[in-house]
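J.: After the sequence you'll find the predicted model.
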Amino acid sequence: MSPQSPEQEVILIIDDSPTNLVLLSDLLQETGFTVWIARDGETAISKVTEELPDLILLDVLMPGPDGFEICQRLKSNPLTSEVPIIFMTALADPVDKVKGMNLGAVDYITKPFRQEEVLARIKIHSKIRKLTQSLAKQNQLLKQEIKERIAVEDRLQKLTEELEKRVEERTAELTQAMYDLQKAQLQLVQKEKMSTLGQLVAGVAHEINNPINFIAANLNHAENYIEDLLEHLHLYQQEFPYPGEEIESNAEEIDLDFLVEDLPSLVASMKTGTERINQISVSLRIFSRADTNAKLAVNIHEGIDSTLMILKHRLKANENRPAIEIIKEYGDLPLVECYAGQLNQVFMNLLSNAIDAFDEHSQAYSYTELEENPNKIVINTEVNEKEDKILIRIHDNGPGMLPEAQAHLFEPLFTTKPLGKGTGLGLSISHQIVVEKHGGQLTCNSVRGKGVEFVIVLPLH
């Protein structure tokens, strides 16, 4: 029994009739199949055990074990059970056909043979066999891929567990595994981002401050010079009321009266502009102040005011809504020992969320309706002397939020904003800054339709 060509399929014919063997062999070989022959069941089983054919044509009536027994023995052997078997029979009893199918046969060919039918049935089951083998191969590859992926995931899981263990050793505050590792990663990423942003903003504020100071100082001199020149001009007009046609023509051309009247106002507005830019520069420096390894005693109100200054452009009226009113109810706070830059980040997150809520909520109302019920943010600060703490309340009269959202508000990556509008990190990081970095509390109170209030509680020392 020689190995078959990889292009040819092997068909084993099991029949005790030489005539049938010759007839079927010639037909199948002419069609391109490789044919093996067995005249009895025992010989066939021995051949199949050594090397598998692609399909078996099995005669039902044979001396010794009949076709049903041979089929049963082949199908009960795991090595040969997948080879398709087509019975060849002259029996017309449906009971025998059902018996063969129950034993595992895939089809019947009825004697006397019709060549077209034989070839058609063999080709169909050969194709089904190929598809079955291809599917089995794909399933095997898929199982192997799944196995490999599981192995990779297991390795990743082990690496993750090792990382968790290192974080737990170095960070006493992190006690849970994956959840706390995620929080630590978010905190490191945000700290690096805020550090870079702080350096950038501080650099910009410094670069703005120098030319603004130069302009502001020169404006004072320019104002004095202009006043002297205008006074000198006035003296000329008094001494020479009739300066001549050319001077009078030029005075009319440049609108001298308007120029004399408007020039002081122009200088005053320039001074106001430089003062405004200087305020922005100071606010940027306060907001982006770098935190040291130790807490510093700072004025909390300065941090809130600097944040409001930076957000001033977002508080102004736009085409969709009127301006957002800021109401400050500041108490008499002492200096608070804290990481000022990180707390300013918390103020920025809470105020930005309130503005976002107003912007989204305003789309459902007309401008007139919004003017009748203006958007407001109330910022209240006070001291709890008994507990040696301060309280900062930021309350808006926006749409509020549902209890389901409040339950997950400080979880990483949770957001109620539309896709692409929020990362779900702002409140999670704010919670870490207040609770873990400062030993305080950050809570949220909200009733749907009545706004949201965030309460920050910070220890004074």
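T.: Received, thanks. It should be emphasised that the depicted structure is a prediction, and the values quoted were computed from it without experimental measurement. Numbers count the residues shown, from 1 in each chain.
J.: could you dump stretch 223-242 to PDB, C-alpha only?
T.: Coordinates of each C-alpha in stretch 223-242 appear next as PDB, following Å, rounded to 0.1, in the frame of the first residue of the first chain:
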ATOM      1  CA  GLU A 223       0.200 109.900  29.800                       C
ATOM      2  CA  ASN A 224       2.300 112.600  31.500                       C
ATOM      3  CA  TYR A 225       3.900 113.500  28.200                       C
ATOM      4  CA  ILE A 226       0.600 113.700  26.400                       C
ATOM      5  CA  GLU A 227      -0.800 115.900  29.200                       C
ATOM      6  CA  ASP A 228       2.200 118.300  28.900                       C
ATOM      7  CA  LEU A 229       1.900 118.400  25.100                       C
ATOM      8  CA  LEU A 230      -1.800 119.100  25.200                       C
ATOM      9  CA  GLU A 231      -1.200 121.900  27.800                       C
ATOM     10  CA  HIS A 232       1.500 123.300  25.500                       C
ATOM     11  CA  LEU A 233      -0.900 123.100  22.600                       C
ATOM     12  CA  HIS A 234      -3.500 124.900  24.600                       C
ATOM     13  CA  LEU A 235      -1.000 127.700  25.400                       C
ATOM     14  CA  TYR A 236      -0.200 128.100  21.700                       C
ATOM     15  CA  GLN A 237      -3.900 128.300  20.800                       C
ATOM     16  CA  GLN A 238      -4.300 131.100  23.500                       C
ATOM     17  CA  GLU A 239      -1.300 133.100  22.300                       C
ATOM     18  CA  PHE A 240      -1.900 132.600  18.600                       C
ATOM     19  CA  PRO A 241      -5.700 132.400  18.100                       C
ATOM     20  CA  TYR A 242      -5.100 133.000  14.400                       C
END
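J.: Can you tell me what sits against it?
T.: 243, 260, 263-264, 267, 271 (Cβ atoms under 8 Å, 6 or more residues apart in numbering). All C-beta spots, glycine's among them, are computed from the backbone N, C-alpha and C.
J.: in a helix, that's where residue 394 is, yeah?
T.: No. Using DSSP: H, G, I helix; E, B strand; the rest coil, the assignment for residue 394 is strand, not a helix.
J.: Return the residues in contact with it.
T.: By Cβ under 8 Å, 6+ apart, the neighbours of residue 394 are 347, 350-351, 354, 377-379, 453-454, 456.
J.: rewinding a little: just the buried ones from the contacts of stretch 223-242?
T.: 260, 267, 271 (16 or more other Cβ atoms under 10 Å).
J.: Tabulate the residues you listed in a markdown table, adding columns for distance to residue 167 and pLDDT.
T.: A markdown table is the format used below for the buried ones among the contacts of stretch 223-242 (distance: Cβ to Cβ, whole Å; pLDDT from 0 to 100):
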| residue | distance to residue 167 | pLDDT |
| --- | --- | --- |
| 260 | 72 | 82 |
| 267 | 60 | 80 |
| 271 | 55 | 76 |
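J.: Regarding residue 13, which helix or strand does it belong to?
T.: Using DSSP states H and E, residue 13 falls within strand 10-14.
J.: Can you spell out which helices and strands pack onto that strand?
T.: Packing contacts for strand 10-14, counted by 3 or more Cβ pairs under 8 Å, 6 or more residues apart in numbering; DSSP states H and E, involve helix 18-31, strand 34-38, helix 41-50, strand 55-59.
J.: switch to 10 Å and redo it
T.: In this structure, strand 10-14 makes packing contacts with helix 18-31, strand 34-38, helix 41-50, strand 55-59, helix 67-76, strand 85-89, judged by 3 or more Cβ pairs under 10 Å, 6 or more residues apart in numbering; DSSP states H and E.
J.: Now that strand - C-alpha only, CSV.
T.: Only the C-alpha atoms of strand 10-14 are listed here, as CSV (Å, rounded to 0.1, in the frame of the first residue of the first chain):
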residue,chain,number,x,y,z
VAL,A,10,-8.2,7.7,-1.6
ILE,A,11,-11.4,5.6,-1.7
LEU,A,12,-11.4,2.2,-0.1
ILE,A,13,-13.9,-0.3,-1.7
ILE,A,14,-14.9,-3.3,0.5
